[in-house]
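Asker: give the three-dimensional model of this entry:
(one chain, ligands or ions: 2)
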Amino acid sequence: MKKDEYKQAVEKLNLWAYHYYVLDDPIMTDEVYDRLYKEVEEYEAAHPEDVLKDSPTQRVGDVVSEGFVKAKHLSRMWSLEDIFNAEELKKWLEKTYRLDKNVTFYCEPKYDGASLNLIYENGELQKGITRGDGTVGELITQNVKTIRTIPLSIEHKELIEIRGEVVIFKDEFDKINKERLKKGEPPFANPRNAAAGSLRQLDPSITAKRNLVFLPYGVGVNSLAHKLLSDKMSYIYKLGFREPPLRAVTKGYDEIEAMYERMKEERESYPMMLDGMVVKVNEIAAQIDMGYTVKVPRWAVAYKFPAVEKITRVKDIILQVGRTGVVTPVAVVEPTEIEGAVVERATLHNFDEIERMDIRIGDKVIILRSGDVIPKIVKVLTQERDGSEKKVERPTHCPVCGSELLQEDVLIKCQNLTCEARVVNSIIYFASKQCLNIDGLGNKIVEQLFNAGLVRSVLDLFDLSMEKLLQLEGFKEKKAKNLLSAIESAKGCELWRFINALGIEHIGEVASKMIAEAFGLEYLHVTQEQLVGIDGIGEEMAQSYLEFMRVNEETVVKLQEILQPVPPKKRAEAQENPFKGKTVVLTGTMSEPRPLIKERLEALGAKVSGSVSKKTDYLIYGEDAGSKYDKALSLGVKTLKEEEMKEMLA
Ligand SMILES: NC(=O)c1ccc[n+]([C@@H]2O[C@H](COP(=O)([O-])OP(=O)(O)OC[C@H]3O[C@@H](n4cnc5c(N)ncnc54)[C@H](O)[C@@H]3O)[C@@H](O)[C@H]2O)c1
Ligand SMILES: [Zn+2]
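Answerer: Ligands and ions are numbered 1, 2, ... in the order given. Down below sits the predicted model:
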């Protein structure tokens, strides 16, 4: 790096940091930011005389916004040095051991949110202040008081600063973004920005709605006598703060590495986003000896996890037609490695989203991959456009069969039941794990069977033969035999798998199980009333189920003959009793949890239904019985108090 390159790099970093910290709307990935930051650091180490005052290495990054009252922290807040691999950890440990060779290390998550300092005096929360420039931050006490994981008063009466991270849990983040999309507002790029943006609201009622969570990681001014950070933190958690999902004291390199691997593995299952693991010297006396640089403590380091966000380019936007006919746009992106997997596609949900984000073919975008889900585009780098980018039009005709598409809310649907894409995808679904679980019937093979004209519906699967399969490219005797025996072994499947495999809209695995349980092999001839009588099956589901069975009865019957699905085992025949064979409905508050009573009645041979109809034999009610009781009266259904039921059984 030359001197003028260094100056440009500092400018760039400051621009990115402005979008990140002030606007809560980054225009660059952390990975690219961190890389340039490292280069700037290296240049500065080699040319200390050139270091610019406004270099991001010289200060804690956040800025204090106009609009908030400023407040001073009682003691400074810091940033953290970052490391990215085992080698850098080794170097950091060497450096630390040179300062004190007897230390141990406290490891805890590095939460990805916004830092917050809480000042408690006389056991009362006095102030909440954002990190700001580390010395002065924004006073946001009113907002902070809306966060339920922050106690307004604590047992500890002496003055104390408790520091932590304000985050948004992943499921809450998804919920907020869905709502924002519905209202036509731009979604947050990631949970960090959502948390920071929600915390720094001039109107506390907005903060209150966002379900923020506070996770403490340290203290500022305090009079605690603990010699170890781990003990200090245990004390803080006992005061009523939320504990991290994982923390441990480690002895050195091997244990830290093991902890890092474990946290990296487990982080998907944590409710909050982590972007690394923080390693801190556990002995407070050693921490004090080691001290601070202008920006970070020498006794701590952030060991970052591999980036889940990358920059790539949208090469094309293609359309996929699913088994229900929904047409989904998918972005084809330049192959990009994220956490060991090469990403080539990103979901786009629907065309409203494409229009709202203004995603164009040729755009540079930030994609995010979390867990196994298909990556999504979180940001379009519009500042990188050169005018060659192309907008995509909303399709009017099915890309597969050419029939006219129907626009239904935000969904676009192909309504042609014989559309090749729909047929192929329903066969793939039929064979999938949660349905008939037929090994060897994946996308490619189904497409091949379809294109060769061998399989045009699920029924055709059972007409396949060795002879037919051997005509296909890539099929030798062994492969053909395996496939035939996998199809054969689907016979005698559990009934719920059979129902689920039909692919009825709104009827998934859970509903299929409930229907199989309730009706056994009578599943085909049920009424709307009987269906909604099952707890958990609503009107829409029932309608969809009945309509499907009406239209496809013939196919379903044939399939049943072939597959011979097995209904769930009936319970052992119950002894004679007043409830045997009766349909009962429970309502109101009972002396025991209702599921318990339900189970007992079922063991007696009763059918416990969720709603009252003419076919109900008894309505059994507890305290505060409401509309079901009224309905039973109006239908002339016999009602029994809980005690009366017990008497009948005595
Ligand atoms: N994408 C961009 O354009 C852009 C711009 C600026 C900064 N950034 C990102 O921000 C980072 C630098 O930001 P920073 O200086 O705020 O520091 P940081 O976020 O890397 O680390 C320091 C902060 O981590 C938080 N933290 C979470 N868990 C912690 C724990 N257990 N113990 C202590 N602290 C914990 C604290 O709030 C602390 O202030 C960079 O690594 C970069 O990735 C990105
Ligand atoms: Zn079609």
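
Asker: residues from the chain in reach of ligand 1?
Answerer: Residues of the chain lying close to ligand 1 (Cβ under 6 Å from any ligand atom) are 16-17, 20, 26, 28-30, 33-34, 61, 79-80, 82, 108, 110-111, 115, 131, 165, 217-218, 278, 302. C-betas here are computed from N, CA, C, even on glycine.

Asker: just the buried members of the residues you listed?
Answerer: Those of these that meet the buried threshold are 16-17, 20, 26, 28-30, 33, 61, 79-80, 82, 108, 110-111, 115, 131, 165, 217-218, 278, 302, by 16 or more other Cβ atoms under 10 Å.

Asker: what is the burial count for the nearest residue to Thr135 once chain neighbours are set aside?
Answerer: Of all residues beyond its chain neighbours, the one nearest Thr135 is Arg76 (6.0 Å), with distances taken as Cβ to Cβ, 6 or more residues apart in numbering. If you count neighbours by other Cβ atoms under 10 Å, Arg76 ends up with 13.

Asker: just checking, Arg76 touches Gly132?
Answerer: No - using Cβ atoms under 8 Å, Arg76 makes no contact with Gly132, being 10.6 Å away.

Asker: what's the domain layout of the chain?
Answerer: Following automatic domain parsing, the chain resolves into domains at 3-58, 70-304, 309-413, 420-488, 495-563, 583-649.

Asker: got any ranges where the stretch 251-400 of the chain has weak pLDDT?
Answerer: Within the stretch 251-400 of the chain, the stretches falling below the threshold (pLDDT under 70) are 371-373.

Asker: low-confidence ranges, this protein, go.
Answerer: In the chain, residues with pLDDT under 70: 61, 371-373, 571.

Asker: max-length helix in it?
Answerer: Longest helix in the chain, counting residues (DSSP state H): helix 539-563.

Asker: how far out from the middle of the chain is whichever helix or strand comes after that one?
Answerer: Moving toward the C-terminus from helix 539-563, the next helix or strand (DSSP states H and E) is strand 583-587. Taking Cα atoms, centre = their mean, to the nearest Å, the mean C-alpha location of strand 583-587 is offset from the chain mean by 37 Å.

Asker: that older thread, which of the buried ones among the residues of the chain next to ligand 1 fall within strands?
Answerer: Applying DSSP state E to those, the entries found in strands are Asp82, Glu108, Lys110, Tyr111, Ser115, Glu165, Tyr217, Gly218, Val278, Ala302.

Asker: quick one: which of these is nearest ligand 2?
Answerer: Taking Cβ to the ion as the measure, ligand 2 lies nearest Tyr111 of these, at 46.1 Å.

Asker: hmm, that closest one is touching Val213, no?
Answerer: No - contact criterion Cβ under 8 Å: Tyr111 and Val213 do not qualify, at 9.3 Å.

Asker: overlap in contacts of the two?
Answerer: With contacts taken as Cβ atoms under 8 Å, 6 or more residues apart in numbering, Tyr111 and Val213 have Val167, Met272 as neighbours in common.

Asker: before we move on, the earlier item: of the domains of the chain, give the one that comes closest to ligand 2.
Answerer: Among the domains of the chain, the nearest to ligand 2 by Cβ to the ion is domain 309-413 (3.1 Å).

Asker: next up, the contacts around Met277.
Answerer: Here Met277 is in contact with Cys107, Glu108, Pro109, Lys110, Met259, Tyr260, Met263, Lys264, Ala302, Tyr303, Phe305 (Cβ under 8 Å, 6+ apart).

Asker: state which one residue of the stretch 101-250 of the chain is found closest to ligand 1.
Answerer: Ser115 (2.9 Å; Cβ to the nearest ligand atom).

Asker: what sits against that residue?
Answerer: Contact partners of Ser115, counting by Cβ under 8 Å, 6+ apart, are Asp62, Met77, Thr130, Arg131, Arg163, Gly164, Glu165, Val166.

Asker: up against ligand 2, what does the stretch 51-200 of the chain have?
Answerer: Counting by Cβ under 5 Å from the ion, no position of the stretch 51-200 of the chain is adjacent to ligand 2.

Asker: where do the strands sit along the stretch 51-200 of the chain?
Answerer: Using DSSP state E, counting those that start in this stretch, the strands of the stretch 51-200 of the chain run over residues 70-72, 82-83, 105-111, 114-121, 124-130, 136-138, 160-167.

Asker: and if you look at the stretch 251-400 of the chain?
Answerer: 274-281, 300-304, 309-321, 327-338, 341-347, 364-368, 376-380.

Asker: list the buried residues in the longest one.
Answerer: Neighbour-count burial for strand 309-321 flags Glu309, Lys310, Ile311, Thr312, Arg313, Val314, Ile317, Leu319, Val321 (criterion: 16+ other Cβ under 10 Å).

Asker: do you know how far the last one is from Gln434?
Answerer: When distance is defined by Cβ to Cβ, to the nearest Å, Val321 is 21 Å away from Gln434.

Asker: ok, the closest residue to Asn552 other than its chain neighbours - how many residues close by?
Answerer: Spatial nearest neighbour of Asn552, excluding adjacent residues (Cβ to Cβ, 6+ apart): Leu502 at 7.4 Å. Neighbourhood size, Leu502 [other Cβ under 10 Å]: 20.

Asker: show me the contacts for Leu502.
Answerer: Phe430, Phe548, Asn552, Val556, Leu559 are the contacts of Leu502 under Cβ under 8 Å, 6+ apart.

Asker: so of those residues, which two are at opposite extremes in space?
Answerer: Maximum pairwise distance among these (Cβ to Cβ): 13.9 Å, between Phe430 and Phe548.
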